[in-house]
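*Asks:* Coordinates for the following, if possible.
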Amino acid sequence: MPESVRVARSFAEQAARRCGLPSPVVEDVRLAVSEAATDAIVHGSADGGMIRVETLISDAELHVLIGDSRVGPASADDPSAVGLGLTIIEQLTTHVESFTDDQGHQVHMTFARPQADGNS
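*Replies:* Next up is the predicted model:
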């Protein structure tokens with residue numbers, strides 16, 4: 001599991017640096033991805049720890065999606081499912097959405113990009 005989280009974190013960090021996020025926000029991306037990837041592996045990867053990590057860079061935002069094969073969110077009856085991961089992610093991102101669709105459970109995180117002021 002640590003290898004998968006490390007790879008996910010590194011992939012998202014590269015995208016964050018590519019789109020010009022300042023260092024403190026890059027660290028926020030790393031922490032948020034670590035939280036989401038760990039949750040996906042622990043609670044949702046029936047296929048041996050495989051998760052999806054996707055990034056999209058738009059003019060205004062970096063989007064990071066972490067997905068797993070879970071059919072629904074972790075059960076509230078599962079003591080290991082109760083944690084602060086989503087709360088932490090909410091504090092680090094511009095926007096976060098957690099949902100389940102036909103591909104499994106997904107966490108879509110958005111980080112605002114600095115706006116160019118034209119005064120370079």
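*Asks:* And the helices in this protein?
*Replies:* Read by DSSP state H, the chain holds these helices, from start to end of the chain: 2-18, 23-44, 85-92.
*Asks:* in this protein, which ranges drop under the pLDDT threshold?
*Replies:* Scanning the chain for pLDDT under 70 picks out the ranges 1-2, 45-49, 72-83, 116-120.
*Asks:* Tell me which residue is most central in the protein.
*Replies:* residue 33 (3.8 Å; C-alpha atoms, centre = their mean).
*Asks:* I'd like to know which of the helices of the chain lies nearest to residue 109.
*Replies:* Ranking the helices of the chain by their distance to residue 109 (criterion: C-beta to C-beta) puts helix 23-44 first, at 5.5 Å. Using the backbone N, CA and C atoms, a C-beta is placed for each residue, glycine as well.
*Asks:* Pull out the buried residues from the closest one.
*Replies:* Using 16 or more other C-beta atoms under 10 Å as the test for burial, helix 23-44 gives 25-26, 28-30, 32-44.
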